[in-house]
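1. Have a look; sequence and predicted model below, questions after that.
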Amino acid sequence: EVVNTAIQEDANAIAMTSYQGGHNEYFKYMYDLLKEKGADHIKIFGGGGGVILPEEIKDLMDYGITRIYSPDDGRAMGLQGMINDLVKQADFPVGDSLNGEAKVLNKKDPKAIARVISAAENFPEVAKDALETIHKKNKTSKTPVLGITGTGGAGKSSLVDELGRRFLIDFPEKTIGLISVDPSKRKTGGALLGDRIPMNAINSPRVYMRSLATRQSNLALSKYVSEAIEVLKAAEYDIIILETSGIGQSDTEILEHSDVSLYVMTPEFGAATQLEKIDMLDFADLVAINKFDKRGALDALRDVKKQYMRNHNLWHEDPETMPVFGTIASQFNDPGMNTLYKAIMDKIVEKTDSDLKSTFEISKEMSEKIFVIPPARTRYLSEIAENNRAYDKTANAQVEVAQKLYGIFKTLESVVGETPKLDKSGIDSESVSSRATDNKDFVKLLIGEFDRVKLDLDPYNWEVITGWDDKVNRYKEPVYSFKVRGKEIKIETHTESLSHTQIPKVALPKYEAWGDILRWCLQENVPGEFPFTAGLYPFKRQGEDPTRMFAGEGGPERTNRRFHYVSLGLPAKRLSTAFDSVTLYGNDPDYRPDIYGKIGNAGVSICCLDDAKKLYSGFNLADPMTSVSMTINGPAPMLLGFFMNAAIDQQCELYIKEHGLEKEVESKIAKLYKGKDRPQYHGDIPEGNDGLGLMLLGVTGDQVLPKDVYEDIKAKTISQVRGTVQADILKEDQAQNTCIFSTEFALRLMGDVQEYFIQNNIRNFYSVSISGYHIAEAGANPISQLAFTLANGFTYVEYYLSRGMDINKFGPNLSFFFSNGIDPEYAVIGRVARKIWAKALKHKYGA
Ligand code: B12
């Protein structure tokens, strides 16, 4: 893809960052491919921080890579210095000589096409003869040109991509030539030819695309556009699409170059009178109102249709028949895009001699955005901020009340000479009045005042105040017991120091005033109690260190050996799995030279169930002391499927052994395999691995056990497994980029997984690890890291709620993961996160 792009664009150089390993193979393959395609004049520049070692840099540069920049280069030259160095070596005009390319254009060799266009652009004198031949040849050309223009940011490139995709499906044999023109900046003369970025359909041998810069100010088209079109006509493409940069009045220039024209705008054109100023509404054959999901889209559609009628003197026609279409190009199989595509093709057939009669089938639906978050809920982040501020405000007001009550209480104590008794309703007035002698009236007044003020105190907060001493005492007891998911857990509250001093694990503040106590309980509190500032559970888990055994390199056996090595003899196995980039991007670790070097590099390669079985073999995945985390996102549902099935098949294996069914099962497997080789664990089984999970390599439990037995084992296993799958697709979009599906589709998959978790009682496994780490590594400070991460978490909450899931059912399956650093804010990142999350979940979402 990279090499083809560079050739089509007649690029001078490719600049590439490679951090994932496999750079030696990758860069050399790129070089070889360029050479093979006769394009080794294209220079390759690269970088990859410390990942590319100095001796590798030398080796790559000896091979022919122009320059690999190292971190030392970064330090010595600075980023700008490196860019300047790259540009200096790559900035020369191409196309200074032609060698008969014009004569072979109809072979559609991208290199020849690209070169003739460059010559026309950079060396008109050199290209003169070739262009003359081309012009002569084109006199009989019937290739239609579709011109597309419109306002900047209207989504033209995505729309062109969607039109191209439909064309390629509609006409399985036909080809597209595409020219995209981007504006040159007047100040620097440079242009970012970025129209390719949103295009996916063009990665087809039936498409040639070339970007051009306008090279002149205030104009939508490059001077050389007509020559580029001529070149593509001579190359005998079946349709030519010309997309322009769209800057105001010069839009109409496109009409000179096109047979059919399309104007692309958005609903946000301002007042209807603004439409008077759009020249293209006089001339365009068709109009698309893209981003039709924006507010006011239907009004815009009506206004533009009316304007079109006015401009074209179609007063007596039905407005509905005007060629104005609402589209959402960013949406898969958008009905509006389908209608637009069909209308364009019909228009091309009507206006030109081409044989492009479309058989594309369309429905009568209108473009309607399928929202992940319902439009009525888009203010959720503001609502959460309002909710949490309201909580703080109420808390402060309650603290005031509590402090007042404490003042009265202390006064009473002083007047009566004894501490008044407290009960559920307030002060036990009997006990106090009976003691009061000379000051009866005053005491009565105080009690009355106490009762009056107390009306403003939430009964829950009164319990907090009156329960404080008990709470303090509970942490003074030697053992604290609490329940987690119905299981009673007992934990020692103190550790003993060298001098036999008892050090409390949880030390409560020595407050006496009720306001202080209440503030602390409402905003901090002990671990395990709302708002969970100090932690989710009353105490840290015992018998399990808060460490993970992190591994991932090579194939599953190698990583399995490493997992056993790092966890040998430890009671808890907390396996954390890093996958290689091939797995992260959902690719098949096949004989593909572009990914070959990355397989098993900086992560383990897992591409099927058997790989997962080998990876975790010898660890009982259903054991409460085993927990597995998987750093996987794009293909998370698939890898989770591998993991769950590996766990189920382990339990099937234990069942088989327990019931002495080995022979029977072996013969069933032998029958299934009919003498073919079975998958196996390669190499020696390491110390600590008892082979659990390897019996059913190549088959699954349901193939060898009765259905009811298998279903029982499955249901039990998946409700027992412990761990986390990262799966946070929003942060992928924002920071890490291992996206393999659209964000919408990936979110739906996440929702499906969560629904499955609820239906199947999967309580000990987190369906997502909402990740701040990646956001931090992409440049966020601790504050913005937390803000983005929590926002992502709340987005999942809103989305799952919109699918009808119960917050109390999916809430426990959500987990978070943050990055740490040396700024003091990091020291409190978890506390702040828990506090914000808890207040929102409880008070906004009713959890
Ligand atoms: C930040 C980071 C991330 C972030 C990236 C966020 C983002 N949006 O940019 C996140 C968290 C997403 C990430 C993820 C992963 N990462 Co990472 N990551 C890093 C880290 C810490 C810093 C890289 C960086 O940006 N440095 C800052 C840049 C500006 O400096 P530089 O790298 O030194 O580059 C200089 C020059 O080389 C030059 N340069 C670089 N490229 C180019 C290109 C051109 C054309 C030019 C002119 C110059 C140039 O300019 C730079 C300025 O001086 C490195 C470790 C490290 N300290 O290098 C690991 C590291 C690269 N990651 C690594 C790994 C394994 C991963 C994952 C595969 C982990 C996993 N298994 O899930 C994933 C892969 C994600 C993916 N999409 O493929 C490994 C790679 C190991 C290997 N190849 O053997 C590293 C080395 C960490 C490690 N030691 O384990 N990572």
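-> All right, it came through fine.
2. From the chain's centroid, how far away is stretch 271-282?
-> 39 Å (C-alpha atoms, centre = their mean, to the nearest Å).
3. Which residue does the stretch 151-300 of the chain have closest to the ligand?
-> Residue nearest to the ligand within the stretch 151-300 of the chain (C-beta to the nearest ligand atom): L192, separated by 15.4 Å. C-beta coordinates here come from the backbone N, C-alpha and C atoms, glycine included.
4. how about the residues of the chain near the ligand?
-> Contacts of the chain with the ligand, taken as C-beta under 6 Å from any ligand atom, map to 15, 17, 19-21, 45-51, 69-71, 74, 79, 82, 86, 578-579, 581, 584, 602-603, 631, 735-738, 774, 777-778.
5. Now, the residues you listed that are in strands?
-> 15, 17, 45-47, 69, 578, 631 (DSSP state E).
6. Can you pick out the most distant pair from those residues?
-> Longest distance between any two of those is 30.0 Å, between F45 and T631; criterion C-beta to C-beta.
7. Compare neighbour counts for the two and give me the winner.
-> For F45 versus T631, the count of surrounding residues by other C-beta atoms under 10 Å is larger for T631: 25 against 21.
8. How confident was the prediction at that one?
-> Predicted confidence (pLDDT) for T631: 97.
9. same deal with L221?
-> The model's pLDDT for L221 equals 67.
10. which SS class is the residue of the stretch 401-550 of the chain found nearest the ligand?
-> Closest residue of the stretch 401-550 of the chain to the ligand, C-beta to the nearest ligand atom: F550 (10.0 Å). Per DSSP: H, G, I helix; E, B strand; the rest coil, the local secondary structure of F550 is strand.
11. Can you spell out which helices and strands pack onto the helix-or-strand element of the chain with minimal mean pLDDT?
-> Every helix and strand of the chain was ranked by mean pLDDT, DSSP states H and E. The lowest is helix 429-435, at a mean of 77. On a contact count with 3 or more C-beta pairs under 8 Å, 6 or more residues apart in numbering; DSSP states H and E, helix 429-435 meets helix 380-416, helix 440-454.
12. Mind exporting the C-alpha coordinates of it to CSV?
-> Taking Å, rounded to 0.1, in the frame of the first residue of the first chain, the C-alpha atoms of helix 429-435 are listed here in CSV:
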residue,chain,number,x,y,z
SER,A,429,-34.0,15.1,75.8
GLU,A,430,-35.3,13.1,78.9
SER,A,431,-31.8,12.3,80.0
VAL,A,432,-30.6,15.9,79.6
SER,A,433,-33.6,17.7,81.1
SER,A,434,-33.7,15.5,84.2
ARG,A,435,-30.1,16.6,84.9
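13. what comes up buried for that helix?
-> For helix 429-435, burial by neighbour count (16 or more other C-beta atoms under 10 Å) applies to 429, 432.
14. again with stretch 154-170
-> Going by 16+ other C-beta under 10 Å, stretch 154-170 has these buried residues: 154-168, 170.
15. Tell me the gap between it and the middle of its chain.
-> Using C-alpha atoms, centre = their mean, the offset of stretch 154-170 from its chain centre is 24 Å.
16. can I get the CA coordinates of that stretch in CSV?
-> Output in CSV follows, covering the C-alpha atoms of stretch 154-170 (Å, rounded to 0.1, in the frame of the first residue of the first chain):
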residue,chain,number,x,y,z
ALA,A,154,-17.7,19.1,3.9
GLY,A,155,-16.3,15.6,3.8
LYS,A,156,-15.6,15.5,0.0
SER,A,157,-12.8,12.9,0.3
SER,A,158,-14.9,10.5,2.3
LEU,A,159,-17.7,11.0,-0.1
VAL,A,160,-15.4,10.4,-3.1
ASP,A,161,-14.2,7.2,-1.4
GLU,A,162,-17.8,6.0,-0.8
LEU,A,163,-18.7,6.7,-4.5
GLY,A,164,-15.6,4.9,-5.6
ARG,A,165,-16.4,1.9,-3.4
ARG,A,166,-19.9,1.7,-4.9
PHE,A,167,-18.5,2.0,-8.4
LEU,A,168,-16.1,-0.8,-7.9
ILE,A,169,-18.9,-3.1,-6.7
ASP,A,170,-21.4,-1.9,-9.4
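17. What mean pLDDT does that stretch get?
-> 96.
18. ok, now stretch 263-271?
-> pLDDT averaged over stretch 263-271 gives 91.
19. for it, which positions count as buried?
-> 263-267, 269.
20. Then stretch 664-678?
-> Those would be 665, 669, for stretch 664-678 by 16+ other C-beta under 10 Å.
21. who touches it?
-> 656, 695-699, 703-705 (C-beta atoms under 8 Å, 6 or more residues apart in numbering).
22. Angles on the backbone of I289, please.
-> phi -100, psi 100 (degrees, to the nearest 10).
23. Please name the residues that touch it.
-> Per C-beta under 8 Å, 6+ apart, neighbours of I289: 265-267, 297, 300-301, 304, 324-327.
24. In helices, which of these fall?
-> 297, 300-301, 304 (DSSP state H).
25. Do you know the pLDDT at the single nearest residue of the stretch 451-600 of the chain relative to the ligand?
-> Closest approach between the stretch 451-600 of the chain and the ligand, counting by C-beta to the nearest ligand atom: A578, at 3.9 Å. Here the pLDDT value assigned to A578 is 97.
26. Now it: closest residue in space, sequence neighbours ignored.
-> In this structure, A578 finds its nearest non-sequential neighbour in G552, 3.1 Å apart by C-beta to C-beta, 6 or more residues apart in numbering.
27. Show the contacting residues for the one you found.
-> G552 neighbours (C-beta under 8 Å, 6+ apart): 559, 577-580, 602-604, 631.
28. The residue of the stretch 451-600 of the chain closest to the ligand contacts N601, doesn't it?
-> No: the pair A578 / N601 is not scored as a contact, 10.8 Å apart, by C-beta atoms under 8 Å.
29. Among these two, which residue is more densely surrounded?
-> N601 (22 against 18).
30. My guess is that one contacts S18. True?
-> No: when contacts are counted by C-beta under 8 Å, N601 is not listed as touching S18 (10.9 Å).
31. who touches the least confident helix or strand of the chain?
-> Against helix 429-435 from outside (C-beta under 8 Å, 6+ apart): 412, 416-418, 420-421, 440, 443-444, 447.
32. same deal with stretch 20-30?
-> With C-beta under 8 Å, 6+ apart, stretch 20-30 has contacts from 2-3, 14, 16, 18, 44, 46, 48, 51-52, 56, 59-60, 63, 65, 68, 580-581, 593-599, 601-602.
33. same question, stretch 468-487
-> Taking C-beta under 8 Å, 6+ apart as the rule, stretch 468-487 contacts 488-494, 504, 506-508, 517, 521, 526, 528, 537-539, 763.
34. Alright, I will stop here.
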